[in-house]
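Participant: next come a sequence and a model predicted from it.
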Amino acid sequence: MTNKPIALVTGASSGLGENFARALAASGHDLVLVARTGPALEKLAGELEQSHGAKCEVLVADLADADQRATVAARITDGAVVDTVINNAGFGHYGAFRGLPLTGEVGQIEVNILALVTLSHAALGVMVPRRSGKLLNVSSIGAFAPAPGGATYSATKAFVLSFTEALHDEVMKDGVHVTALCPGFTRTDFQQRAGVKTSGVPNAAWSDAASVVAAGLAALDRNQAVCVPGVLNKFVAVSPRFGPRGLTRRISAGVMKRLDAPQAPAPG
């Protein structure tokens, strides 16, 4: 009996992370599930073991904490071989930057950037020498334009996009796949738990989590540098290249105003 490939998924307790875990288990992977919420991870692990026979390690970690980030990185470098790393964990806040708590803004940088960089470094450090492996970093459609009302969030996701594209080219000759996934508004329980009022967002702007995950994993399999799921999102991603920066900012600000919930997590 051959060992199954192992995938590590951060932010696996809900939303896109949970959907990544389910899709990977269904495709024959064992899993390392990472999130802050142990009970939710244990519940998911039990379901995946029952439904797909997937062996699931539960690794409870707050990726805003440097020591806990190091623990997850060590699992990638020192434990049983991890074939795929999905850097999905991340969060954002809505509101004027000056009025938001600084701890939350710094926290976004710690989770959205520092954790992702740390785990990407660990992943490539073991994948490149063995000339195999897959790394998917979740960015956002917000990476393509500055977002007044979500300034820190969009900036962190712009970093993720640029960083991941660079990694893709660095290791493309080493047998390692690297992809940036840039979803737009995605239907999960994320918005409900955060208290985000999304009635102002048109239905055409929404995607379902399963289709976003399927698109991301398919892009990772074919080693596509950037994946933007959805026709409308593809248009949004391309359009800032052709318009004045000032106009792009005003359009982006108008979109953010449709999320009528102070300090609410941003989409993607």
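Facilitator: Perfect, I can see it now. Numbers count the residues shown, from 1 in each chain.

Participant: now for the protein, the helix or strand with the poorest mean pLDDT.
Facilitator: The helix or strand of the chain with the poorest confidence is helix 190-194; it has a mean of 44 (mean pLDDT, DSSP states H and E).

Participant: so for Phe144, what's the pLDDT?
Facilitator: For Phe144, the pLDDT comes out at 89.

Participant: for Val178, which non-adjacent residue is spatially closest?
Facilitator: Distance criterion Cβ to Cβ, 6 or more residues apart in numbering; nearest residue to Val178, sequence neighbours excluded, is His168 at 4.2 Å. Glycine gets a C-beta too; all of them are placed from N, C-alpha and C.

Participant: mind giving me the packing neighbours of the host helix or strand of the one you found?
Facilitator: Element membership of His168, judged by DSSP states H and E, is helix 151-171. On a contact count with 3 or more Cβ pairs under 8 Å, 6 or more residues apart in numbering; DSSP states H and E, helix 151-171 meets helix 102-108, helix 116-130, strand 133-138, strand 176-181, strand 226-227.

Participant: pLDDT on the shortest one, on average?
Facilitator: What that stands for is strand 226-227. Rounded mean pLDDT across strand 226-227 is 96.

Participant: before we move on, the earlier item: average model confidence for the helix holding His168?
Facilitator: pLDDT averaged over helix 151-171 gives 97.

Participant: repeat for stretch 10-28
Facilitator: Averaged across stretch 10-28, the pLDDT comes to 97.

Participant: relative to Val138, how far out is Gly15?
Facilitator: 10 Å (Cβ to Cβ, to the nearest Å).

Participant: more crowded one of these two?
Facilitator: Using other Cβ atoms under 10 Å, the more surrounded residue of Gly15 and Val138 is Val138, with 28 against 19.

Participant: which residues sit in contact with that one?
Facilitator: With contact set as Cβ atoms under 8 Å, 6 or more residues apart in numbering, Val138 has these partners: Leu16, Ile86, Asn87, Asn88, Gly90, Val160, Ala180, Leu181, Pro183, Gly216, Gly268.
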